[in-house]
Each structure stands twice: as structure tokens, then as C-alpha cells.
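1. Sequence first, predicted model second:
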Amino acid sequence: MSKRRARGAIGLLMVIVVGMAAAAQSGAGTGDTSSVLLPSCCAGWTLPANAHLGLAPSQEGTIEIRSLGSFAFDPTQVQSLRKGIFQAGQFSVFDALAHLATQGRIQMQYAWDDTAGTYFIQSLNGKSGWWYDAHYAGGNFERPVVRMDEYPVKDGMAIQLYLEQPDRLDAIQKSFREETARLRANGGHLILPRVKVIAPQAELAFENVTVTSHNSRLDVLQPGVITVLDVLLSLGDEGKLTLVGLTWRAQMDGADPIDGYFVDRIDAEGYSVQATGDCTYSHEVGSEGLMEFLLPHGHTTSHVHLTADLKVLTSPEYVEFLWTCL
Amino acid sequence: MIWIIYANAKKRKSRLVMTVGGIAIGVATLFALLALSSGIEGALEREIGGLGAHILLLPEGCPYTLTLALMQGADTVEYVPEDVVPRVRETENVRVGVPVVVGKVKANGTLVPVYGTTEDIFQLKAWGRSPFSGALVGSNVATNLKLEVGDRLTLDLYSEEPVEVTRILPTTGGRDDTFVFVPLATAQKVLGLEGKLSGILVQTVNVSRLSQTRTTLGKMAEVQAVPPSEVFDALIGLFGSVKQTLILITGIAIAVGVLTTMNTMTMAVYERKRDIGLLRALGSTRRDIFGLFVSESLLVSLAGGVLGLAGGYVASYLLPRTSGFGIDASPHFSLAYVGICLLVAVAVGTLSAIYPAMMAARMQPIRTLREL
């Protein structure tokens, strides 16, 4: 009887060990989903270093330029113009475009605008006023207000360049300039005037939040780069949040790759909302000046697929975390 | 009785003004809410109905955003491939499938929405037939750009296309007045969208089989079939939730009006004990006293109601006219709204007067006179 029990216990143990090994195996691959709760015992409000690695773009990408056609590029040949932001092998939508210009396949003049902290296209095919839309595999075009040279490229991404309405483009550029001016006014420190966490039945609001880098994605971004996720981690540092739950998703609902952390839970004193089903927190970064350019369901920079850990921040007017059901 | 009410009002002018003001604010809020929400619903119905289609074939994406973009002539980033059109036209129960491409371009240097389509559009619009070549210009655009038939119009975005104005369209009061209608190929060239469409407007032969036709069309790759009525219901639903909040706020404003009037009338009863005693001693019945206070309250409320209607009328023009869907909506006034608001004012007057009037009617004349 005791032998049988012992065999049963060994069998159960083996099942557990094999299960854990399989889970670890899948975690190292592309199909994993694993959760992290912060603060952790050892590292506080910092994610474990290189816990998950996003894949660098490796497949041929394409950019569709309205009226000019579709242009393919080899991601292994693209160099980032923002080496202070991207790790080697990683690059932005603008880098891919600049690569096409360097190859002489498109006639594009561009320049760094110090007042806006980004590269702007001055002319493309003799026309000025270009802006872009992009989405990762499985996503939809969302009319982003993300600096083109900060939007990381991933395999299977759709990128489209078009002539933007002059008033909307002016508003976008103005918001970038205001961000840079705010950053300078704060002595180079990122201080967010407003941060909100909005769930259906509850809301958290913070003012003048100083955000510092927690180097959550050193596989893609350079050390010191501040992202939307750092807003939550900085609030945690300040003791204003008690818990943040993140889930790493390599893929989701046929969208592959995702390679990012989804914010599934935010707790503070008297506030706790945890993901259920297909719900999660998306984020919106922006300025009031952009509000009038939103269509219904439009966003300033709300993203599900451009996850908070990869959305680089300069110094926006507000960041909101919105409870979103997919 | 009127003389007594008038004399009392004259004696306590500031209180009268405040009471009338309190009621007026509630009624003004209600009137503006009714006029604006009716205006928004009407504008949405007019705009969506103005598309003239039973089914919209749109690119994949948010159908509400795409429908609004189509209505407003705003560029989107996702499109329907043009080669879908013949298959749509061959679909059973489809009477007409009109390809459309929209976007904003510079027309003689001014940004205007351009609407590229084919002459099939005449089957959906009540403009009357005419040859479809050059540019058919909406009445507002013609006025703004000072265009007449025969004038040259240069459309410029991705490429420059000169067109001749061949017709100024009749004023419709809708979005069509703001568009420049040009042949599909011209618009596609200017918008850099060769071979692409913003959508296809479908009219069916038999409307009772709309659902089956929608299912068939919806199965085509790269498109979604959406009845405009569904978009209308969804947008009205979105607006409805905002409206509910506004109704709640209005209800609170009216409840405050009831309470302030009741307070005023109760104070008036205490202050006019002597008058009530004298009236009772001179032969007035309890019913007379009750009627006196109810009438006074009703007159005050009606004055507040009339003032509120005027205030609501002005406010509905001063408040932002946009519906939040990018549609300009003028307030819509009707006699029914005037009636509703005056009824609310009367209800406020009656409700707030009942308790004080009962109090006044119950007073004993001898005791009241002795207390003074």
C-alpha cells in the first residue's frame, strides 16, 4: 500500500516537473503568456532583467506610400537614426523610411527638429505634409500621434504614409513642441501634469508625477529610455500604487508578434481592478490640443498592441490608463 | 384674488425674482436639452439618410468611424478594392451599387471635401439627372468659392487635376451642399487612391430582403456590409447615454426649483398670517385660501417657465452645436417642447404650493388674529 502511494506520489511529481519544464520551454519561445506582479520581493518596482525578449524584426517589411506605391525593405539592413532610443537591430518606422531614401528608392528630404525632439519629413516626392499610420499584425490603423522615429517596427507590421490634413498635422507638431518645451522647463525631468487610471466603476487621478526609467525593455530600448509603463512603476516607487500586474504576451488572437507586457491589474489604496476575460488596460498619451481631431472611437495615441513598455515618452500633457475590453 | 397676489409680489420683489429665476433655470435647461437633442438626432438621421443607401459596403475597421468619415468626406486609411464593384452589382436583390471615394483636397487653394463617384449617384440623390462630367458643386462650396457653371476648378492633393464646373447642385440643407462631386477616376487620381474606394453605396430592389442581401455582401473579402440604420441606432445609443446624464441634471435642477418655490410659499404663509386671518374673518372659505396660494405659486411658476423658455432658446444657440460625431446640429424647436416646458413649470408650481396652501387653509381665523 505504501509502495503504491510512493509510486503515485513520484508519478504526480513527474507530471508536475514535466509540466513546469513545458511551461518554461514555452516561455522561452514565442507562444508564452506569463504574469508578473510588482513590486517583487527582490527588485521592488523593477521587472526582472531580460525576463522576456522581443524578437528583432527579421522578415521583409513594406511601407505603402500613397500615390507612390508599396516599398519593401530588408530589416537587417536598416540602421536606427535614434541610437539613443533603440538597441542594435531594433528601429522605428521613420528609420525604415529613411533607409528607403538612403537607397535612393524614394526622394525624401528630412531633418531633425530640436524643438519637437523628432525627425520630420520635409518633402517626399515633391510634396510636404506627410504623416503616417501603422499597426502591428492583427491590429487596425489607429491614427497615431506617436513620433514616427519612436514607433518600433515589428515583423508583419502595416505602415502607410499619406498627406495629412494641414490642421491635424499642425496640431500634432504643436503637441510635440509643447512636450519638448515642458521637458526643458522641468530641467530635463519628465513630470506628467496629469495621470489617470480609469476603470468602469473607479478612477485614480494623480498630478505632477515625476517619471523615471525602470529599463523594462532593454531588449528593444536603450537604458534610460522612459516608457508609459514607467509611469505606473514610478507611481509604485512613490507608494501611490500598491500593486501592478503585467502579462507578457508573445501573440494574441492571431496577432503575432505582440512581444509586450499588457497591464492587467492596478491596485492602490481603495482601488483594485484586475483583468477578466479579454479586458486589459490600454493607454492614451496626449494633449488637449489634439482632442478636436478625434473621430468617434478615435484616439490620440491609444494602443493595445503598442504596449506600455514600448511606448516611449517625451513629456506629454497627460497619460491615461483605460480599462479596455477587446 | 389677482389683486392680492399682485400686492404681495410687489411687497416682496427680491424674493419673487429669486423664485422665478430658480424655476427659469430648470425650465431653460430642459428646453435647451430637448431642442439640442432633437436637433442632433435630426441631423444624424438627415446625414445618414442623405447617403441614400440601404447598405454601405465599407472597408474592414470600425463601421461607425468609417460611415461618419464617408458622410463628412474625411479620408480614412483603409479602403475597399475597386474590383469588388462588379461582384456587388451582380449580387441578387442589388438594384444599384455606387462606388464612392472621398477625401479633402485643395480646390482653387481652399480645402474642401471631394466626392468621387459615377453617374449612378443620380439614382440615390434627389438632384434630378444631368450629365456627370467635370465638377458638380454643392451650393455652399459654390457660394464660398464664388463658382459658377463654366468656371475652372483646380483640385490638388497628390496630383493636380483641372475640372470644369458643369453644375451647381440644388441646396439640400445637408452634407451634399459642402461637397464637390467629380467622376470617380478624377477623385482617385487627386486622392492618390487609384483602384481604391472609401465605400460602395448599395440600394436593394426589395427592402424586405435586406438582411439576406447584407449577409451575402458581407461574405465578400476585405469588406463589411453595414445598413445605415444600424449605424444610426448605434450613434443614437451613444448619444442616448449622454442624454440620460443631462436629463438627470435637468431633473435635479427642476427638483431644486420645486423646493425653493415650496420654501418661498411656506415663508409667505407665515408672513401673511394676518392677511389670512382677516380674509377668513371677512368670509373667505378654506378653499379660497387654498386657491389663493396655489394660484400665486402657479403664476410665479408660469412666469419662471416663460422666462426659462426664452433663456433656453438663447442657451441652445450659445451652446456648442456639434454632436460629438463631427456633425453640426442646429437646435430644433417645436411647440410640443414649449408645451412640455410650460407643463413642467405648472407642475412645479402646483407641487410646491400644495403643502403651504394646505397649511394656510387650515389656519383658524380667531387664533391667527389673536396671535398678532
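-> Received it, and whenever you're ready, just let me know what you need. Residues are numbered from 1 along each chain as shown, chains lettered A, B, ... in the order given.

2. What residue in chain B comes nearest to chain A?
-> B:Gly192 (3.1 Å; C-beta to the nearest C-beta). Bear in mind the C-beta positions are built from the backbone N, C-alpha and C, glycine included.

3. ok, so what distance separates that residue from A:Lys127?
-> 10 Å (C-beta to C-beta, to the nearest Å).

4. cool, and B:Leu34?
-> According to C-beta to C-beta, B:Leu34 stands 48 Å off from A:Lys127.

5. neighbour count winner among the two?
-> Between B:Leu34 and A:Lys127, counted using other C-beta atoms under 10 Å in any protein chain shown, the more crowded position is B:Leu34 (23 against 17).

6. average pLDDT for the host helix or strand of B:Ile366?
-> In the assignment (DSSP states H and E), B:Ile366 maps to helix B:365-371. Taken as a whole, helix B:365-371 carries a mean pLDDT of 70.

7. Over to stretch B:348-359?
-> Stretch B:348-359 shows a mean pLDDT of 85 in the predicted model.

8. Would you mind listing what in the stretch 1-150 of chain B touches chain A?
-> Those residues of the stretch 1-150 of chain B that sit near chain A, judged by C-beta under 8 Å from any C-beta of the partner chain, are B:60-62, B:64-65, B:68-69, B:74-78, B:104, B:111.

9. any chance of those in JSON lines, with pLDDT, secondary structure and distance to B:Gly42 too?
-> What follows is these, written out as JSON lines (pLDDT from 0 to 100; DSSP: H, G, I helix; E, B strand; the rest coil; distance: C-beta to C-beta, whole Å):
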{"residue": "B:Glu60", "pLDDT": "85", "secondary structure": "coil", "distance to B:Gly42": "31"}
{"residue": "B:Gly61", "pLDDT": "81", "secondary structure": "coil", "distance to B:Gly42": "27"}
{"residue": "B:Cys62", "pLDDT": "80", "secondary structure": "coil", "distance to B:Gly42": "24"}
{"residue": "B:Tyr64", "pLDDT": "82", "secondary structure": "helix", "distance to B:Gly42": "18"}
{"residue": "B:Thr65", "pLDDT": "81", "secondary structure": "helix", "distance to B:Gly42": "22"}
{"residue": "B:Leu68", "pLDDT": "83", "secondary structure": "helix", "distance to B:Gly42": "16"}
{"residue": "B:Ala69", "pLDDT": "85", "secondary structure": "helix", "distance to B:Gly42": "21"}
{"residue": "B:Ala74", "pLDDT": "86", "secondary structure": "coil", "distance to B:Gly42": "22"}
{"residue": "B:Asp75", "pLDDT": "83", "secondary structure": "coil", "distance to B:Gly42": "27"}
{"residue": "B:Thr76", "pLDDT": "80", "secondary structure": "coil", "distance to B:Gly42": "26"}
{"residue": "B:Val77", "pLDDT": "80", "secondary structure": "coil", "distance to B:Gly42": "31"}
{"residue": "B:Glu78", "pLDDT": "85", "secondary structure": "coil", "distance to B:Gly42": "30"}
{"residue": "B:Lys104", "pLDDT": "93", "secondary structure": "strand", "distance to B:Gly42": "25"}
{"residue": "B:Leu111", "pLDDT": "93", "secondary structure": "strand", "distance to B:Gly42": "27"}
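
10. Put the buried members of these into a ChimeraX selection.
-> Burial among those is assessed by 16 or more other C-beta atoms under 10 Å in any protein chain shown; the matching ChimeraX selection reads:
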select /B:61,62,64,65,68,69,74,75,76,77,78,104
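
11. from the residues of the stretch 1-150 of chain B next to chain A, which two are the most distant?
-> Of all pairs drawn from the residues of the stretch 1-150 of chain B next to chain A, the widest gap by C-beta to C-beta lies between B:Glu60 and B:Leu111 and measures 27.8 Å.

12. Helices of the stretch 251-372 of chain B, start to end?
-> When secondary structure is read from DSSP state H, counting those that start in this stretch, the stretch 251-372 of chain B shows helices at B:273-281, B:286-318, B:335-362, B:365-371.

13. weakest of the ones you listed by average pLDDT?
-> Here the lowest mean pLDDT among the helices of the stretch 251-372 of chain B goes to helix B:365-371, at a mean of 70.

14. to the chain's geometric centre, what's the distance from stretch B:284-302?
-> Its chain's average C-alpha position is 38 Å from that of stretch B:284-302, according to C-alpha atoms, centre = their mean, to the nearest Å.

15. Pull the residues that contact it.
-> Residues outside stretch B:284-302 that contact it (C-beta atoms under 8 Å, 6 or more residues apart in numbering or on different chains): B:1, B:4-5, B:8-9, B:16, B:19-20, B:23, B:261, B:264-265, B:268-269, B:276, B:279-280, B:342, B:345-346, B:348-350, B:352-354, B:356-358, B:360-363.

16. try it again with 7 Å
-> Contacts with stretch B:284-302, where a contact means C-beta atoms under 7 Å, 6 or more residues apart in numbering or on different chains, come from B:1, B:4-5, B:8, B:16, B:19-20, B:23, B:261, B:265, B:269, B:276, B:279-280, B:345-346, B:348-350, B:352-353, B:356-358, B:360-361.

17. ok, now stretch A:217-226?
-> By C-beta under 7 Å, 6+ apart, the surrounding residues in contact with stretch A:217-226 are A:49-50, A:53-54, A:84-87, A:90, A:152, A:190, A:211, A:213, A:215, A:309-310, A:312-313.

18. Can you give me the end-to-end span of that stretch?
-> Using C-alpha to C-alpha, to the nearest Å, the span of stretch A:217-226 from its first residue to its last is 10 Å.

19. and A:Tyr110, how many residues sit next to it?
-> The criterion is other C-beta under 10 Å. On that basis, A:Tyr110 has 19 neighbouring residues.

20. quick one: the closest residue to chain B within the stretch 51-200 of chain A from A:Ser92, how far?
-> Ranking the residues of the stretch 51-200 of chain A by distance to chain B (C-beta to the nearest C-beta) places A:Ser67 first, at 3.1 Å. When distance is defined by C-beta to C-beta, A:Ser67 is 23 Å away from A:Ser92.

21. Who has more neighbours out of the two?
-> More neighbours sit around A:Ser92 than around the other of A:Ser67 and A:Ser92, counting by other C-beta under 10 Å; the figures are 26 against 19.

22. Please report the distance of the more buried one from A:Gly69.
-> In this structure, A:Ser92 and A:Gly69 are 21 Å apart, going by C-beta to C-beta.

23. B:Ser37 too?
-> Distance check for B:Ser37 against A:Gly69: by C-beta to C-beta, it reads 47 Å.
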